[in-house]
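[1] following is a predicted model, sequence given first.
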Amino acid sequence: MLTAHNPAAAAAAFSRYSLGVEVPPQARWLFVSGQVGVDPEGRLAEGAKAQMRRCWQNIFAILAEAGMGAGDLVRINAYLTRAEDVALYRDVRDEMLDGAAPASTLVVVQALAQPGWLVEIEAVAAAA
């Protein structure tokens, strides 16, 4: 079981995520490479929201193959290419995580590795 840490002595989270997440001893760790809005057939989803949802679908597929789910996410790092998509990203993340609140970093970058990619999300998960 993961334990969230959100102490009153630190600034509160700016949206739904945990300031720290503790992993129990002997847990299995899974490091998920950055996922982009490309489906299994290699098609890029159209628009920021669709790409964000596809990133999460890819992450959940990887978690499922490892016998894990959203509740096992310890940390996520997200990279957006447009600052105007921050609020949309938070809404999609909260919807897709369905109550899970891993530690989180969100960064706006100039570009990702391929033109047209608007978001990339990497994750770390752990399960007993």
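    Nice, I can see it.
[2] going forward, measure contacts and count neighbours with C-alpha atoms only.
    OK.
[3] who touches the residue nearest to residue 20 when sequence neighbours are not counted in this structure?
    Nearest non-adjacent residue to residue 20, counting by CA to CA, 6 or more residues apart in numbering: residue 5, 4.8 Å away. Going by CA atoms under 8 Å, 6 or more residues apart in numbering, residue 5 touches 18, 19, 20, 21, 22.
[4] pretty sure the second one contacts residue 105?
    No - taking CA atoms under 8 Å as the definition, residue 19 is not a contact partner of residue 105, at 9.9 Å.
[5] give me the more crowded residue out of those two.
    Neighbours were counted for residue 19 and for residue 105 using other CA atoms under 10 Å; residue 19 has more, 20 against 13.
[6] measure the more buried one to residue 33 for me?
    Residue 19 sits 22 Å away from residue 33, going by CA to CA, to the nearest Å.
[7] I'd guessed residue 22 sits against residue 4; true?
    Yes - under the criterion of CA under 8 Å, residue 22 makes contact with residue 4 at 6.4 Å.
[8] okay, these two: which has more neighbours?
    residue 4 (17 against 14).
[9] let me know the secondary structure of that one.
    What DSSP: H, G, I helix; E, B strand; the rest coil gives for residue 4 is strand.
[10] for it, which non-adjacent residue is closest in space?
    residue 21 (4.5 Å).
[11] can you count the residues close to the one you found?
    19.
[12] what about it, helix or strand, and which?
    strand 20-22 (DSSP states H and E).
[13] residues contacting that strand, please?
    So strand 20-22 is contacted by 2, 3, 4, 5, 6, 74, 75, 102, 103 (CA under 8 Å, 6+ apart).
[14] and if you look at stretch 109-128?
    1, 23-24, 26-37, 44, 48, 51-52, 55-56, 59, 63, 68, 72-82.
[15] in helices only, show me these.
    Judged by DSSP state H, the subset of the contacts of stretch 109-128 located in helices is 48, 51, 52, 55, 56, 59, 63.
[16] burial check on the spatially closest residue to the first one that is not a sequence neighbour, number of neighbours?
    I take that to be residue 48. Nearest residue to residue 48, sequence neighbours excluded (CA to CA, 6+ apart): residue 118, at 6.1 Å. With neighbours defined by other CA under 10 Å, the count for residue 118 comes to 24.
[17] thanks a lot, catch you later.
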